[in-house]
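S.K.: Sequence first, predicted coordinates after that:
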Amino acid sequence: MEASYGLFIDGRWAAPPKAKRFETRNPATREPVGSFVSGTAEDAVRAVASAKKAFPGWRDTPAPKRGEILLTASRIMRERKEELGRLVTTEMGKVIGEGLGDVQESIDFIEYMSGEGRRLFGETVPSELRSKFCMTVRQPKGVVVCITPWNFPTAIPNWKIAAALISGNTVVLKPASNTARCGAEVVKVYEAAGVPPGVLNFVTGAGSIVGNALVSDPNVRAVSFTGGVETGREVYQLGAEGLKMVHLELGGKNPVILMDDADLPLALEGVLFGAFGTSGQRCTATSRLIVHEKVYATFLEMLVERLEQFTVGDPLNPKTGMGPVASADQERKILEYIAIGKKEAKLRCGGKKLTGGEYDRGYFLEPTIFETKHGTRISKEEIFGPVLSVIRVGTYEEAVRVANDVDYGLSSAIYTRDVNRAFRAIHDLEAGITYINAPTIGAEVQLPFGGVKNTGNGGREAGSVAIDEFTEIKTVFVDFSSKLQKAQIDTESSR
Ligand code: NAD
């Protein structure tokens, strides 16, 4: 059933008078899911002002107390897991097991961050002088803007919100427009958990209007952005003008390398999940399969045979293998890449929009495999859909060369039984994440997440390092010698 939402500013849900609205729709049926305010630049400014006003109170709330509120949020999320998992599937289209997984990742991360309230460690460091004590403490940055994509519509907002809040920042969230209801419900969880008014604000609307206004607002100190490279570049440039800390998590073109000694049945399950889970719309999706020539023909046959039995359809049905892609825009973009692939590579299976019956109501595509040479567009550009490029190689060295010869560096994987080769791959692959004998997907919240090259600008989400993005390090010197001691100058006399 469609629900109507306002903006959430200063602890109140309200729609500005005469606000324009937009809808989100179920990509499996095109039925409306939610109605939202098309926010303006003024709405963005109000949300930032509300976060600014709430900042001193939240900053001075003891971190363990902030952690208690987060723990309550994770419990509420757990109680609502089933309902929210269904909402993820209904609004975004990933199959229900993965919809529930999205929410579970949120629960896990908020719970993990709640414990950070009793840590938020600094360092104690020796001084070069006697009777002098040195340490670092963490302090929040201030108002933080979080801009999120649609593919993990509860998990990614929570990765950002929970880490920002536990660190003592106040937040404005701008979710992707086609999963705004998931974003709104995430905010409602924090509201119910007792986050004070203004500490978390929510604004919907076009990225080019609301997102732009949020990033340029002089009262914003940091921006945490996940999305495409082109948008990321724009956000980075905009943030740079205000000398803001801008954290970017961007695209991927993630390879699985399959060596001739790999456990092929194990790899088969991994590649299917990696390439076609979430209809290939994960930033860590396996979009390239780099196969040793000795097992190439056998493995490709195994893959195609399994794909022929793969079910595409209603994502709420637990037996469905793959749901729709997320939107008409996504469908168009993926079909464009499939058309390019048909010209430059050999289509091995799939390659069409599914039609007839329930398919006519939504955005359903066949899982698609191309055999291609390295260097084609489909083998190098991010497609973000259920399209796998398979590339034949003769040696491990060639496999690594091909794996690394793309602009991105998020996730990577190798299937091999050779322990030396596995460790060599950990060293050789240019990526933020490397899996051994597992596909390129499967992040766990207690480990850092992020990539190299065009995948980002060096930061990491999740894990204990997630708070680095949201805290300033203050260096403190305490001199208890009762005299002026000069660093670098009085060091001899202090021995
Ligand atoms: P997108 O770049 O189109 O949009 C991301 C967000 O930015 C949305 O909320 C959008 O409204 C907003 N936005 C758009 N223009 C803006 C502007 N000018 N200023 C400020 N905000 C603006 O990306 P998408 O289509 O939502 O997501 C898909 C992309 O996200 C893929 O490239 C995928 O690889 C990437 N992604 C990366 C990660 C990661 O952690 N590395 C995770 C998930 C998705």
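M.R.: Looks like it arrived, so ask away.
S.K.: give me the low-pLDDT residue ranges for this structure?
M.R.: For the chain, residues meeting the criterion pLDDT under 70 lie at 1, 494-495.
S.K.: for it, longest helix please?
M.R.: helix 96-116 (DSSP state H).
S.K.: gap between that one and the chain center?
M.R.: 13 Å (CA atoms, centre = their mean, to the nearest Å).
S.K.: Also stretch 430-437?
M.R.: 17 Å.
S.K.: could I have the longest helix of the chain exported to CSV, CA atoms only?
M.R.: The C-alpha coordinates for helix 96-116 follow below in CSV (Å, rounded to 0.1, in the frame of the first residue of the first chain):
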residue,chain,number,x,y,z
ILE,A,96,13.4,-11.5,-0.4
GLY,A,97,16.3,-13.4,1.1
GLU,A,98,18.5,-10.5,0.0
GLY,A,99,16.0,-8.0,1.2
LEU,A,100,16.1,-9.5,4.6
GLY,A,101,19.9,-9.6,4.4
ASP,A,102,20.0,-5.9,3.7
VAL,A,103,18.1,-5.3,6.9
GLN,A,104,20.2,-7.8,8.8
GLU,A,105,23.3,-5.9,7.7
SER,A,106,21.7,-2.7,9.1
ILE,A,107,21.0,-4.5,12.4
ASP,A,108,24.5,-5.8,12.7
PHE,A,109,26.2,-2.6,11.9
ILE,A,110,24.1,-0.4,14.2
GLU,A,111,24.7,-2.9,17.0
TYR,A,112,28.4,-3.0,16.2
MET,A,113,28.6,0.8,16.3
SER,A,114,26.7,1.1,19.5
GLY,A,115,29.6,-0.6,21.2
GLU,A,116,31.9,2.0,19.7
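S.K.: for the residue lying closest to Ala422 once chain neighbours are set aside, which residues make a bridge with it?
M.R.: Distances taken as CB to CB, 6 or more residues apart in numbering put Ile436 closest to Ala422, at 4.8 Å, once the chain neighbours are dropped. For every residue, glycine as well, the C-beta is placed using N, CA and C. Judged by DSSP bridges, the bridge partners of Ile436 are Ile414.
S.K.: Is there a neighbour count for Ile436? I'd like the number.
M.R.: 14 (other CB atoms under 10 Å).
S.K.: Would you mind confirming that it makes contact with Ile426?
M.R.: Yes: taking CB atoms under 8 Å as the definition, Ile436 is a contact partner of Ile426 at 7.4 Å.
S.K.: hmm, who's touching stretch 16-29?
M.R.: Residues from elsewhere that reach stretch 16-29, judged by CB atoms under 8 Å, 6 or more residues apart in numbering: 2, 7, 15, 31-40, 43, 90-93, 177-181, 204, 314-316, 323-327, 358, 361-364.
S.K.: make that stretch 430-438, sorry
M.R.: By CB under 8 Å, 6+ apart, stretch 430-438 touches 254, 262-263, 266-267, 270, 284, 403-404, 409-416, 422, 425-426, 440, 442-443, 448-453, 455-456, 460.
S.K.: How about the contacts made by Pro448?
M.R.: 432, 460-463, 465-466.
S.K.: how about a cut-off of 6 Å?
M.R.: 460, 462-463, 465 (CB atoms under 6 Å, 6 or more residues apart in numbering).
S.K.: Gly85 now?
M.R.: 99-100, 103.
S.K.: for Phe152, same thing?
M.R.: Here Phe152 is in contact with Asp102 (criterion: CB under 6 Å, 6+ apart).
S.K.: Look up how far Gly101 lies from it.
M.R.: To Gly101, Phe152 is 9 Å away according to CB to CB, to the nearest Å.
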